[in-house]
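3D model of this:
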Amino acid sequence: MPERQDRRPDGHARRHGARLARSVRRRRPARPDRPHALGRPRRLTPLQVAEVKALACQLPAETGAPLSRWSCPELAREVVARTIAGSISASTVRRWLKDDALKPWQHRSWIFTRDPDFRTKAARIMDLYARAFDGVPLGQDEYVISSDEKTSIQARCRCHPTLAPGQARAMRVNHEYQRGGALAYLAAYDVHRARVFGRCEPTTGIMPFMNLVTQVMTTEPYASAKRVFWIVDNGSSHRGKTAIDRLTKAFPNTVLIHTPVHASWTNQVEIFFSVVQRKVVAPNDFTNLDQVRDRLRAFEDRYNATAQPFQRKFTTYDLDDLLARLDRHTLDRQEESSAALAA
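Numbering: from 1, shown residues only. I've put the predicted structure just below:
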């Protein structure tokens, strides 16, 4: 009987042999004297990887690059320009940065604490949220009001009607609009009763704020309360000792408490304003200012019907920890600057 002939082409046999050889090499343990005997040898050393990551942790302006933020392609280009590596791809840079969760193309805004009495003022507010003042628990007839103004809410009348959402389609809002004016929304939030008192005014100022105070303080239980603490920021409507005297003269049972400078995050009414922005204002499609006023008033009623107090967990202990971390960060930056100047 004639011997069976293999009709497969020679190329197939070569490819099969190559696959078999690769499989054998993968199973073979690496030799200590040849750590990179298997696979393609590394082109970049760990030192070069560290230098790339160090470059990503510097501001582009500090390196002389005319950029505001690094991107992976720009980092790869800078690495080659500095002769850290002969060639490198953006995907390789991205993979290395991912190992250490480095994202130099992102940024966050922050503001430095410059109030010398920051800790004292902030701790007083944290204690009020915990129903205590000067180390003494608040009584049942004492209340805490958080108040502020949301300025310049515009009435933007869209040039074409807004389209409702549909299947696989988001709500569509026309980009072009006509301006219908702007107003200010003032709100007072009872921290422990989760009740909002708001009013719309043409602008902010002393008189609009006093109108809000009068609106709250002439209603019960605040009119007959032993003390009502008003937490406000340092805006011109209620700044300094003059505002404290003005409020006390009008309503003797009020106590005005100022937040630290640049610390609006300590004022709980800002959380309510963020809710208003998301649920009432955005994407801002109002025919006129009357429609803005009506919707804000209606939302107050809707909110007060089901609102619960904000579960704020930031205490004075967290405040002390935050300030300690800021002090360490500031000290580290000062040491780095001193070292750079000495070099």
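
Can I get stretch 243-261 in PDB? Just the C-alpha atoms.
The C-alpha trace of stretch 243-261 is given here as PDB (Å, rounded to 0.1, in the frame of the first residue of the first chain):
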ATOM      1  CA  ALA A 243     -24.000  93.200  60.900                       C
ATOM      2  CA  ILE A 244     -24.000  91.500  64.300                       C
ATOM      3  CA  ASP A 245     -25.200  94.700  66.000                       C
ATOM      4  CA  ARG A 246     -27.800  95.300  63.300                       C
ATOM      5  CA  LEU A 247     -29.300  91.900  63.700                       C
ATOM      6  CA  THR A 248     -29.300  91.900  67.500                       C
ATOM      7  CA  LYS A 249     -31.000  95.300  67.500                       C
ATOM      8  CA  ALA A 250     -33.800  94.100  65.300                       C
ATOM      9  CA  PHE A 251     -34.200  90.700  67.000                       C
ATOM     10  CA  PRO A 252     -32.500  90.500  70.400                       C
ATOM     11  CA  ASN A 253     -32.700  86.700  70.500                       C
ATOM     12  CA  THR A 254     -30.600  86.200  67.400                       C
ATOM     13  CA  VAL A 255     -26.900  85.300  67.400                       C
ATOM     14  CA  LEU A 256     -24.900  85.900  64.200                       C
ATOM     15  CA  ILE A 257     -22.100  83.400  63.500                       C
ATOM     16  CA  HIS A 258     -19.700  84.000  60.700                       C
ATOM     17  CA  THR A 259     -17.900  81.200  58.800                       C
ATOM     18  CA  PRO A 260     -14.200  81.400  58.400                       C
ATOM     19  CA  VAL A 261     -13.000  83.300  55.300                       C
END
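
Can you show me the helices along the stretch 1-150 of the chain?
10-27, 46-56, 60-63, 72-81, 90-99, 118-129 (DSSP state H, counting those that start in this stretch).

nearest to P161, of those helices?
helix 72-81 (42.9 Å; CB to CB). All C-beta spots, glycine's among them, are computed from the backbone N, C-alpha and C.

Against D245, how distant is the residue lying closest to Q277 once chain neighbours are set aside?
Leaving aside its sequence neighbours, Q277 sits nearest to K150 (CB to CB, 6 or more residues apart in numbering; 7.9 Å). Separation of K150 from D245 (CB to CB, to the nearest Å): 26 Å.

Dihedrals phi and psi, the residue nearest the centre of the chain?
For the chain, R108 is the residue whose C-alpha lies nearest the centre (CA atoms, centre = their mean; 7.4 Å). Main-chain dihedrals, R108, degrees, to the nearest 10: phi -130, psi 140.

Enumerate every residue touching I257.
By CB atoms under 8 Å, 6 or more residues apart in numbering, I257 lies in contact with R124, I125, L128, F229, W230, I231, V232.

just L55 next, same as before
T63, W70, L75, E78, V79, R82, I84.

OK, contacts around P283?
So, once contact is read as CB under 8 Å, 6+ apart, P283 ends up touching T162, M171, V173.

Surely the second one is in contact with A164?
This points to M171. Yes. With contact defined as CB atoms under 8 Å, M171 reaches A164; the gap is 6.3 Å.

quick one: which of these two has more around it?
Ranked by neighbour count (other CB atoms under 10 Å), M171 and A164 place M171 first, with 11 against 8.

In contact with that one, which residues?
T162, L163, A164, P165, P283.

centre of the chain versus stretch 238-245, how much separation?
From the chain centre to the centre of stretch 238-245 is a distance of 31 Å (CA atoms, centre = their mean, to the nearest Å).

Enumerate the positions of it that are buried.
Under the neighbour-count criterion of 16 or more other CB atoms under 10 Å, stretch 238-245 has H238, A243, I244 buried.

want to throw the residues you listed into CSV with secondary structure and pLDDT?
Listed next are those as CSV, based on DSSP: H, G, I helix; E, B strand; the rest coil; pLDDT from 0 to 100:
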residue, secondary structure, pLDDT
H238, helix, 93
A243, helix, 94
I244, helix, 95
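
Nearest to W96, out of the residues you listed: which one, please.
For the buried residues of stretch 238-245, the closest approach to W96 (CB to CB) belongs to H238, at 51.8 Å.

Next, count neighbours for the closest residue in space to that closest one that isn't next to it in sequence.
Spatial nearest neighbour of H238, chain neighbours left out: V232 (4.6 Å); criterion: CB to CB, 6+ apart. By the criterion of other CB under 10 Å, V232 has 24 neighbours.

repeat for Q215
14.

Could you check the longest strand along the chain and say which residues are buried?
Using DSSP state E, we find that the single longest strand of the chain is strand 142-158. Neighbour-count burial for strand 142-158 flags 142-150, 153-158 (criterion: 16+ other CB under 10 Å).

Can you tell me how far L247 is from G86?
Distance from L247 to G86, by CB to CB: 70 Å.

Then S237?
63 Å.

Between the two, tell me which one has more neighbours.
S237 (21 against 9).

and the more buried one, what is it in contact with?
S237 touches E149, T204, G205, I206, P208, F209, A243, counting by CB under 8 Å, 6+ apart.

And P60, by the same measure?
P66, L67, S68, R69, W70, E74.

make it 6 Å
If you count contacts by CB atoms under 6 Å, 6 or more residues apart in numbering, P60 has them with L67, W70.

Now tabulate the contacts of P283 in CSV and tack on distance to L289 and secondary structure.
CSV is the format used below for the contacts of P283 (distance: CB to CB, whole Å; DSSP: H, G, I helix; E, B strand; the rest coil):
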residue, distance to L289, secondary structure
T162, 18, coil
M171, 23, coil
V173, 19, coil
